[in-house]
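Student: build the 3D model from these lines:
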Amino acid sequence: MRISRRTLTAAGALAVVAIGTRVHAGSADEAAVTQAVADLTTAMLAAEKAKLEALVADQLSYGHSSGAVQNKSDFVDVIVSKKTVYKSINLTEIKVSVVGNDAIVRHTWDSVSESGGKSSAAHIGVLQVWAKQDGKWKLLARQAFKT
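Tutor: Numbering: from 1, shown residues only. Presented below is the predicted three-dimensional model:
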């Protein structure tokens with residue numbers, strides 16, 4: 001069996017997304033949502049404003065396990081201004097379910113972050129709602145909860 005560089009590259013990219021996760025990506029949309037989740041995590045770690053803004057919907061409702069809720073502007077500002085700096089984010093047990101132009105994602109979130117000079121670790125459950133807008137998957141809502 002011959003394996004082309006293209007096939008090897010694609011397999012490598014998928015492996016990077018799936019490391020440490022259980023991915024249920026039976027359709028192209030499920031795979032695209034899984035990739036969007038990974039891209040958002042990468043953008044949060046890198047504090048990349050343009051990527052964060054491109055990956056979240058204008059109507060974003062981002063709920064934390066503390067009960068705090070942020071809109072798009074607040075969510076992006078806290079990360080880009082480095083009020084919160086994510087040192088590591090590890091998502092596991094990722095489950096993706098696509099229903100039309102919407103997707104439900106559940107996962108476990110383990111992170112280390114720094115805020116106000118204090119370091120903290122989090123182990124929480126997360127529910128995300130993604131919506132396909134203009135052909136791209138965007139985070140519409142997120143709610144974290146204590147496990």
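Student: any chance you could map the strands in this protein?
Tutor: Secondary structure of the chain (DSSP state E): strands at 56-63, 69-70, 84-99, 102-115, 118-133, 136-146.
Student: of those, which approaches A32 most closely?
Tutor: Among those, strand 136-146 comes nearest to A32, with 5.7 Å by C-beta to C-beta. The way it works is simple: take the backbone N, C-alpha and C, and place the C-beta from them, glycine included.
Student: follow-up on the earlier one: any chance of the strands of the chain in CSV, plus mean pLDDT, distance to T42 and mean neighbour count?
Tutor: What follows is the strands of the chain, written out as CSV (pLDDT from 0 to 100; distance: least, C-beta to C-beta, whole Å; neighbours: other C-beta atoms under 10 Å):
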stretch, mean pLDDT, distance to T42, mean neighbour count
strand 56-63, 98, 14, 17
strand 69-70, 98, 19, 16
strand 84-99, 98, 9, 15
strand 102-115, 98, 13, 17
strand 118-133, 98, 15, 15
strand 136-146, 98, 13, 18
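Student: let me have those in JSON lines, extended by distance to D39.
Tutor: Shown next, in JSON lines, are the strands of the chain (distance: least, C-beta to C-beta, whole Å):
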{"stretch": "strand 56-63", "distance to D39": "11"}
{"stretch": "strand 69-70", "distance to D39": "19"}
{"stretch": "strand 84-99", "distance to D39": "12"}
{"stretch": "strand 102-115", "distance to D39": "13"}
{"stretch": "strand 118-133", "distance to D39": "11"}
{"stretch": "strand 136-146", "distance to D39": "9"}
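Student: L40: which of these is closest?
Tutor: Closest to L40 of the strands of the chain, according to C-beta to C-beta: strand 136-146, at 6.3 Å.
Student: which non-adjacent residue is nearest L55?
Tutor: L40 (4.8 Å; C-beta to C-beta, 6 or more residues apart in numbering).
Student: tell me which of the strands of the chain sits nearest to L45.
Tutor: strand 84-99 (5.3 Å).
Student: residues contacting that closest one, please?
Tutor: Contact with strand 84-99 is made by 20-25, 27, 29-30, 33-34, 37, 41, 44-45, 47, 78-79, 103-115, 119, 126, as judged by C-beta atoms under 8 Å, 6 or more residues apart in numbering.
Student: direction-wise, compare the longest helix along the chain with strand 84-99 and give the angle.
Tutor: For the chain, the longest helix by residue count, based on DSSP state H, is helix 28-46. Relative orientation of helix 28-46 versus strand 84-99 (axes from the mean of the first three to the mean of the last three C-alpha atoms, to 10 degrees): 170 degrees.
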